[in-house]
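Student: need the 3D shape of this:
(one chain, ligands or ions: 1)
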Amino acid sequence: MSDDAEGLCELCKNSCKTKCSKCKLVYYCSVEHQKEHWIEHKEHCKSYEIRENQTLGKFLVAKRDLERDEIIFVDSPLFFGPGPYKIEEESPFSCVGCSKILLDEIRSCPECGWPACNFDCEGLKSPQMHGLECQILKLKPRKPNESDYDHFRFDTLIILRALFLQKTNKKKWDALMNLEDHLNDRGPNNQIFKIVQEKVSFIQENFIKPLQLFEKENGQVILPIVSADIMHKIYATLDVNATEISDPVDLFILYPTASLIEHNCVPNTCQIIDENNNGYKVTFRAAMPIKKGEHITSTYTNILWGTQERRRHLKESKYFSCICKRCSDPTELGTYFSALLCLGSDEKPCKGIQLPTHPTEDNCLWMCNQCHIKLPNKEIIDFVSHLNNEVNKELEKKPQMEALEEFMNKLQIFLHPNHFLMYSVKHSLVQLYDVNGDIEISNAFLEDKMKICNEMIQLTKKLDPGNARLALYLAVLLNEQSMAKFKVLTRCLGSTSEELESNKELIQEVFSLFEENRRVLKYEREFEAGSKLLQVVESNEIKFKNWLSEHNVII
Ligand SMILES: C[S@@+](CC[C@H](N)C(=O)[O-])C[C@H]1O[C@@H](n2cnc3c(N)ncnc32)[C@H](O)[C@@H]1O
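Tutor: Have a look, this model is predicted:
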């Protein structure tokens, strides 16, 4: 890449203008000099660097300004496998070789007998998948009356795959051993330690003991390090660092570089995992411009939860207290995503807003911004958790529009219109406000729909300005808004071309919404839900264009 700046060629130190196109940080006077210098430069050819401090441990920082959408890095897994906690007797088995769900005929690995999609599935031989663990699995005798689910313990596979790294890839093993594990936070008395201990005992009894017997009989050591401690460490490392995917299969994937990215409740990167025969490589892109020196962040929690819920989840699962800008601000960056309405008292009714006084302090008081009445945190937590259950129950019923509207009206007595529970109800509701159905709808109805869509669009953009996590949510809203505005056009205008011409602004707005939606779905289109939604958006756009041309509107 060339720009106006000049620098010295990394090899010959002559002045030149061409930069390394990958890291864009160093200059080369010629392709030859770049090639010659590659072995030395390779290690540093990155647009980020790893730093470390007391609070965060290791983290990534931009070495130069990064543009929105720019790829920051592509990471290959250290290893991956079925989730280590899941044993669901009702769910179908997946192939031990390629992880494909086995819905039809179940075949078996010819060596160990574990479920497989086909005898010649490539994953059965692959050392990253089943190739190595097979030699241990086949040593486990099947007990009389043991059910398939008790015998084929898919939850243990990922631990065996991790243990094999000590043998097959020292660099990956060292990387695994060096990741944060928070083992000190998982003392013998806590719940997670007990759950893991049960699994470790199972692995030791059923796989390690037979393995060690085999090793003794054959005078060879297959796996030198197999202690309970090392297994606890692997479980803990997975809990803190692994990326979980559930579609199309449930997998835990551990990445060496992605594991170092720090958490932020407003992430500045988005990640895409390539699930198509590419060994689950992950690509991290800048979701917004990132300035040189800024931290590169991702999110470990659900950004559609309120601050209390996110912080509790992070504390329990990742062992740290988030103090990001969103968590530190009682209004959550002006979104009021956790705000409640103050009811005041019989004598003094109040229409103020209840907010946490110090959101990053556990158990802080909540205070009304008008009457200043204070409420204990516990009371708020219990109340919101009760409402949360009610919302889940209501949405599970897949209610009709009127029922959901009634439910929302009850909720809005207590909750700020932007509260996260209102968000999930309204997001469902706007999709039920059907503008193209058989029932004739009123103008007021259309106005309501557009108002809610607009508020929700603005709110979603504030919560996730880079579309790093909420692209699908935003795309649904943009689509609903475009269809509502389209309906308005068909309504408020007659069918003469002059009348339509006079409403060019609205036509332009509909086009802008379609265009924005295609941008928002740019990366989501790779996945089933995103590609389906994009098809809907594109077909709506065609309908709109056809309608315009039927009415002789020149765009
Ligand atoms: C996936 S690891 C990230 C890499 C880790 N910092 C390391 O040194 O290996 C997650 C851990 O990093 C730390 N961490 C990440 N984001 C943080 C944040 N925003 N505030 C405090 N600690 C954070 C926590 O210890 C967390 O459990």
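
Student: how near is the closest residue to N454 other than its chain neighbours to the ligand?
Tutor: Distances taken as CB to CB, 6 or more residues apart in numbering put Q481 closest to N454, at 6.8 Å, once the chain neighbours are dropped. (C-beta placed from N, C-alpha, C; glycine too.) Per CB to the nearest ligand atom, to the nearest Å, Q481 is found 34 Å from the ligand.

Student: please tell me the pLDDT value assigned to Q481.
Tutor: Q481 is assigned a pLDDT of 97 by the prediction.

Student: in a strand, it, correct?
Tutor: No. Counting by DSSP: H, G, I helix; E, B strand; the rest coil, Q481 falls outside a strand, being helix.

Student: that one touches T460, doesn't it?
Tutor: No. In this structure Q481 lies outside contact range of T460 using CB atoms under 8 Å: 11.5 Å.

Student: count of neighbours near the residue nearest to N454?
Tutor: If you count neighbours by other CB atoms under 10 Å, Q481 ends up with 23.

Student: also I272?
Tutor: Count around I272 with other CB under 10 Å applied: 16.

Student: quickly find the element holding it.
Tutor: For I272, the host element (DSSP states H and E) is strand 269-273.

Student: packing partners of that strand?
Tutor: For strand 269-273, the packing partners by 3 or more CB pairs under 8 Å, 6 or more residues apart in numbering; DSSP states H and E come out as strand 243-245, strand 282-286, strand 295-298.

Student: contact partners for the residue nearest to I192 when sequence neighbours are not counted?
Tutor: Distances taken as CB to CB, 6+ apart put R186 closest to I192, at 5.6 Å, once the chain neighbours are dropped. Counting by CB atoms under 8 Å, 6 or more residues apart in numbering, R186 makes contact with 192-193, 196, 232, 236.

Student: could you pull up phi and psi at R186?
Tutor: Per-residue torsions, R186: phi -120, psi 60 (degrees, to the nearest 10).

Student: shaky segments in the stretch 151-300 of the chain?
Tutor: 277-278 (pLDDT under 70).

Student: residue numbers of it in contact with the ligand?
Tutor: Residues of the stretch 151-300 of the chain lying close to the ligand (CB under 6 Å from any ligand atom) are 179-180, 182, 240-241, 259-260, 262-263.

Student: break this structure into its domains for me.
Tutor: Here the domain parsing of the chain from automatic domain parsing is 1-45, 79-254, 433-555.

Student: output the residues of the stretch 151-300 of the chain next to the ligand in a markdown table, with secondary structure and neighbour count appended to each entry.
Tutor: Shown next, in a markdown table, are these (DSSP: H, G, I helix; E, B strand; the rest coil; neighbours: other CB atoms under 10 Å):
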| residue | secondary structure | neighbour count |
| --- | --- | --- |
| L179 | coil | 22 |
| E180 | coil | 17 |
| H182 | coil | 15 |
| V240 | helix | 20 |
| N241 | helix | 23 |
| S259 | helix | 20 |
| L260 | helix | 21 |
| E262 | strand | 19 |
| H263 | strand | 18 |
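
Student: kindly report the residues of the chain close to the ligand.
Tutor: Contact residues (CB under 6 Å from any ligand atom) of the chain with the ligand: 55-59, 179-180, 182, 240-241, 259-260, 262-263, 318-320, 322.

Student: many thanks, I have nothing further to ask.
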